[in-house]
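Colleague: dropping the sequence and predicted coords here.
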Amino acid sequence: MDQKVSPEYIQTSLAASLTLGFQQGSFHRNAKLKGLNLLLHYDEGCLGRCHFCGLSRSRREGPKGKTFIRVDWPLYPLEEIIERIKGKDQIHRVCLSMITHPKALEDTVFVIDKLRKETDLPISVLISPTLILHDDSLAAMKRAGADRVGIAIDAATPELFDQLRGKGVGGPHQWDHYWDVTRMAVSVFGRFYVGIHLIVGLGETEKEMVDAVQKGQNVGAYTHLFSFFPEIGSPMEKHSPPPLGQYRRIQLARWVINEGLGSASQMTFDEGGRLIDFGRNIESLIRSGEPFMTSGCPGRDGKVACNRPYGNERPSEPIRNFPFMPEREDIEEIKKQLE
Ligand code: SF4
């Protein structure tokens, strides 16, 4: 029996599937997907047990299969995806996500090499640090043609990481190893060619999140922010997303730190760890709208290509990561949310 597994088959995000014409549908407010996300697929799935993740082994599977970052990930032949990417000018980058599986390293290099040879798109890899023991694996990805690396640290503190991804859930991941691999990736790909993913709303304080963003900045990694969204069937399905005000403050703080406009040590927090002063005037930053756009790897024009439309909320809810420049009415809403 033919198995539909990587590297011959690969999953795409629902947004990518629509953009490549595998499925029909339109995007709320005409958002345009600019970064194409691909995900390795194996029958055994991911060996991780992360409490909040849609791909976790600890998740009950729904009738439509597993969702990940809020949406379905349909499976298609890699060859066909590559054919459909060709000539799609709206796509500015492709990102290949590994999962924690013994075949993932080898297949990642194979898929990068194929994408490099058959398209002219810059390639990011969202790596699985638990599989990476030496910098040779990262060097092989770079040689094959990847120019950037993402590392999903997700939880902002060692305690939360351990509790939600490590020992607390019988999972294989370790906080110190994730940061060691982040440093290793910076040494192979260069400062700020690496990004860490952090998820706001897993139980951390605002101070703890801002400190994690600063830690990334200090080692040479930008932060790509996500807002927690409860995946149905995951052990955290009943946990609420973070309040909008909290998410907006963290977006602003991330912007200040990653743009080199200030640092965590200049910011002030109350006794509950809530951010109350950014250490600089933020009026013009809010008016610009840019801090509230999706943070992710850039395309050739230097602007964010990984814009993940509606990856953090339902289209009927307030947009958390804007996949386009917020308009005047959006900024007015954001100001209210910040109050
Ligand atoms: S920000 Fe986007 S393109 Fe970059 S590693 Fe993360 S998912 Fe991939």
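Modeller: The structure has been received and is ready for your questions.
Colleague: can you classify Val149 as helix, strand or coil?
Modeller: At Val149, secondary structure determined by DSSP: H, G, I helix; E, B strand; the rest coil is strand.
Colleague: could you do Lys207 as well?
Modeller: helix.
Colleague: that one reaches Phe269, doesn't it?
Modeller: Yes: if you go by C-beta atoms under 8 Å, Lys207 and Phe269 touch, sitting 4.3 Å apart. In this view, the C-beta of every residue, glycine as well, is placed from N, C-alpha and C.
Colleague: overlap in contacts, those two.
Modeller: Taking C-beta atoms under 8 Å, 6 or more residues apart in numbering as the criterion, Lys207 and Phe269 both touch Leu275.
Colleague: which residues in the stretch 151-300 of the chain form strands?
Modeller: For the stretch 151-300 of the chain, the strands defined by DSSP state E, counting those that start in this stretch occupy 194-200, 221-227, 268-269, 275-277.
Colleague: now the ones you listed as CSV including mean neighbour count?
Modeller: As requested, those are exported to CSV (neighbours: other C-beta atoms under 10 Å):
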stretch, mean neighbour count
strand 194-200, 24
strand 221-227, 24
strand 268-269, 14
strand 275-277, 14
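Colleague: ok, residues contacting the helix or strand harbouring Leu38?
Modeller: Using DSSP states H and E, Leu38 sits in strand 35-39. With contacts defined as C-beta under 8 Å, 6+ apart, strand 35-39 is touched by 10-13, 15-16, 19-20, 68, 73, 81, 85, 91-97, 99, 111, 121, 124, 296-297, 299, 305-308.
Colleague: now do stretch 8-23
Modeller: Residues outside stretch 8-23 that contact it (C-beta under 8 Å, 6+ apart): 24-27, 32-33, 36-41, 69, 71-79, 81, 84-85, 88, 90-91, 111, 308-311.
Colleague: and it, how far out from the chain's middle?
Modeller: Its chain's C-alpha centre lies 17 Å from the corresponding centre of stretch 8-23 when counted by C-alpha atoms, centre = their mean, to the nearest Å.
Colleague: again with stretch 208-227
Modeller: With C-alpha atoms, centre = their mean as the basis, stretch 208-227 stands 13 Å off its chain's centre.
Colleague: okay, that stretch in PDB with CA atoms only?
Modeller: Presented in PDB, the C-alpha positions along stretch 208-227 are these (Å, rounded to 0.1, in the frame of the first residue of the first chain):
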ATOM      1  CA  GLU A 208       8.600  37.100  31.800                       C
ATOM      2  CA  MET A 209       7.600  37.400  28.200                       C
ATOM      3  CA  VAL A 210       9.500  40.700  27.700                       C
ATOM      4  CA  ASP A 211      12.600  39.100  29.300                       C
ATOM      5  CA  ALA A 212      12.400  36.100  26.900                       C
ATOM      6  CA  VAL A 213      12.200  38.500  23.900                       C
ATOM      7  CA  GLN A 214      15.300  40.400  25.300                       C
ATOM      8  CA  LYS A 215      17.100  37.000  25.900                       C
ATOM      9  CA  GLY A 216      16.500  36.200  22.200                       C
ATOM     10  CA  GLN A 217      17.700  39.700  21.100                       C
ATOM     11  CA  ASN A 218      20.900  39.300  23.200                       C
ATOM     12  CA  VAL A 219      21.800  36.000  21.500                       C
ATOM     13  CA  GLY A 220      21.100  37.400  18.000                       C
ATOM     14  CA  ALA A 221      17.500  36.100  17.400                       C
ATOM     15  CA  TYR A 222      14.400  38.100  16.600                       C
ATOM     16  CA  THR A 223      11.100  37.100  18.200                       C
ATOM     17  CA  HIS A 224       8.200  36.000  16.100                       C
ATOM     18  CA  LEU A 225       5.100  36.400  18.300                       C
ATOM     19  CA  PHE A 226       2.100  34.200  18.500                       C
ATOM     20  CA  SER A 227      -1.000  34.600  20.600                       C
END
